[in-house]
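*Asks:* sequence plus the predicted model coming up.
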Amino acid sequence: MIRGASPRPIKDKKWFDSNSTIGWIRISDVTAQNGRIHHLSQHISKLGQQKTRVVIQPHLLLSIAASVGYPVINYIPTGVHDGFLIFNNPNFMIDYGFYWLEKYQTSWKKYGQPGSQVNLNSNIVSNTKINLPSLNEQSDIIAIFKQVSKIISLQQRKLDLLKQLKKGLLQKLFADKDAKQPVLRFDGFSGDWEQRKLGEISTSFSGGTPSVKNKSYYGGKIPFIRSAEIHKNKTELFITESGLKNSSAKLIRKGTLLYALYGATSGEVDVSNIDGAINQAIMAIFLQKDNVSFIKYYLEKNKDKIIAKYLQGGQGNLSASIIKSVYINLPFTEEQLKISNLIKKVESLISLQQSKLDKLTFLKNFLLQQMFI
């Protein structure tokens, strides 16, 4: 087992040549091709080849940087940089080694993460015990995992297509800010949509956080919903009645429209799946007469536009005043229901396909643990 090497600096144009037959592998190639590399977009020059490790025949690799623990089978001549370990002439079939490495992928992710004092390296990997069955049994194991992986890939494709369908429907069934009508419309509906500010058709409030210094405020029975949990049906934290009364945290009911204002989840929106209390990073929205799901989907469709307008460069936070000033194009209630019900059906299919994918992934992980002893 050896480590790849990198020319320095690797961004220098002299290290690359589009006419070269030797590829240059990046972690983006690995993730895009699910660890089985059949083509590379960059190629390394003769000068670059002298500064790195070049493999010609198919080789088994392991990522020890970026996407740590990701196994790779590289099928084309490639310059391998120092973010990968190279299994040089292994005494096992490389496909067998690929799935064996997958078994440890989750546990190896801890190396090199913030707070970790150790990076994944050749010593850790080479000291990991591998039991080798006969070549015939290796072939049988490979065949099983290839079949399961193929089914998972097909299931993932179904899921991706449904997500694309939902995205397309959001674009076509909802009128943009500067348009009075959508691109697609159900039969029986006509006329322009009405444009209103969200604050004109709703009331809203945000919550707060009980002091973390007072332990009596936590560990109660009230789910404490944070912005990263607005899509979930459970929370990690629970607060007490005392925590609720002695803070700005506010109770909301299942079915309340929730909008994330702060942090990595800024712009996320959903209808609450549970009763609970919200913190200051969440805005609870109560509509006067319009369909909750319709407004949710409208805000979901326009998330990127809202983020781009108010969070330039990812800096700053959204606020209740900003969200209340967002313009919403509104048809009559009957058309709102037609649109939201169609999107809900697609979402149900997405949930179903996601559940199937989760079960298949669980099956594969179970087999990895049971078949590699």
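*Replies:* Nice, thanks for sending it over.

*Asks:* hmm, residue 182 is touching residue 169, no?
*Replies:* No: look at residue 182 against residue 169 with CB atoms under 8 Å: they stay out of range, at 10.2 Å. C-betas here are computed from N, CA, C, even on glycine.

*Asks:* who touches both of these two?
*Replies:* When contacts are counted by CB atoms under 8 Å, 6 or more residues apart in numbering, residue 182 and residue 169 have no shared neighbour.

*Asks:* residue 216 and residue 230, how far apart?
*Replies:* 26 Å (CB to CB, to the nearest Å).

*Asks:* more neighbours, these two?
*Replies:* The residue with more neighbours, out of residue 216 and residue 230, is residue 230; 22 against 13, by other CB atoms under 10 Å.

*Asks:* so what touches stretch 108-124?
*Replies:* 1, 2, 3, 62, 64, 65, 68, 69, 85.

*Asks:* which residues in the stretch 151-300 of the chain form strands?
*Replies:* 194-197, 202-206, 218-225, 237-239, 250-252, 257-260, 269-271, 276-278, 282-287 (DSSP state E, counting those that start in this stretch).

*Asks:* okay, now the unreliable bits of the protein?
*Replies:* Within the chain, the stretches with pLDDT under 70 are 9, 114-115, 117, 312-316.

*Asks:* how about a cut-off of 50?
*Replies:* Nowhere does the chain drop to pLDDT under 50.

*Asks:* any idea how it splits into domains?
*Replies:* Domains of the chain are assigned by automatic domain parsing as 2-129, 133-180+334-373, 194-330.

*Asks:* with distance to residue 186 added, can I get these in JSON lines?
*Replies:* Output for those, formatted as JSON lines (distance: least, CB to CB, whole Å):
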{"stretch": "domain 2-129", "distance to residue 186": "38"}
{"stretch": "domain 133-180+334-373", "distance to residue 186": "5"}
{"stretch": "domain 194-330", "distance to residue 186": "13"}
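
*Asks:* how about those domains, which one is nearest residue 188?
*Replies:* domain 133-180+334-373 (8.8 Å; CB to CB).

*Asks:* kindly check the end-to-end length of that closest one for me.
*Replies:* Length of domain 133-180+334-373, first residue to last, CA to CA, to the nearest Å: 10 Å.

*Asks:* how distant is that domain from the center of its chain?
*Replies:* 13 Å (CA atoms, centre = their mean, to the nearest Å).

*Asks:* ok, stretch 302-313 next?
*Replies:* Distance of stretch 302-313 from the chain centroid (CA atoms, centre = their mean) equals 19 Å.

*Asks:* who's in contact with that stretch?
*Replies:* Contacts to stretch 302-313, defined as CB under 8 Å, 6+ apart, come from residues 177, 266, 267, 268, 269, 299, 316, 317, 318, 322, 323, 326.

*Asks:* got the CA positions of it in CSV?
*Replies:* Output of stretch 302-313 as CSV, limited to C-alpha atoms (Å, rounded to 0.1, in the frame of the first residue of the first chain):
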residue,chain,number,x,y,z
ASN,A,302,-38.4,31.1,-4.2
LYS,A,303,-35.9,30.1,-1.5
ASP,A,304,-32.8,30.6,-3.7
LYS,A,305,-34.0,34.1,-4.8
ILE,A,306,-34.7,35.2,-1.2
ILE,A,307,-31.3,33.9,-0.1
ALA,A,308,-29.5,35.5,-3.0
LYS,A,309,-31.2,38.9,-2.4
TYR,A,310,-30.8,39.1,1.3
LEU,A,311,-27.8,36.9,2.2
GLN,A,312,-25.1,38.1,-0.2
GLY,A,313,-22.0,35.9,0.2
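
*Asks:* buried residues in it?
*Replies:* For stretch 302-313, the neighbour count (16 or more other CB atoms under 10 Å) marks 302, 306, 310 as buried.

*Asks:* and those as JSON lines, adding distance to residue 152 and secondary structure?
*Replies:* Putting the buried residues of stretch 302-313 into JSON lines (distance: CB to CB, whole Å; DSSP: H, G, I helix; E, B strand; the rest coil) gives the following:
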{"residue": "302", "distance to residue 152": "33", "secondary structure": "coil"}
{"residue": "306", "distance to residue 152": "35", "secondary structure": "helix"}
{"residue": "310", "distance to residue 152": "39", "secondary structure": "helix"}
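
*Asks:* OK, contacts around the residue nearest to residue 20 when sequence neighbours are not counted?
*Replies:* Excluding the flanking residues, the one nearest residue 20 by CB to CB, 6 or more residues apart in numbering is residue 43, at 3.9 Å. Contacts for residue 43 (CB under 8 Å, 6+ apart) come out as 16, 17, 18, 19, 20, 21, 22, 23, 24.
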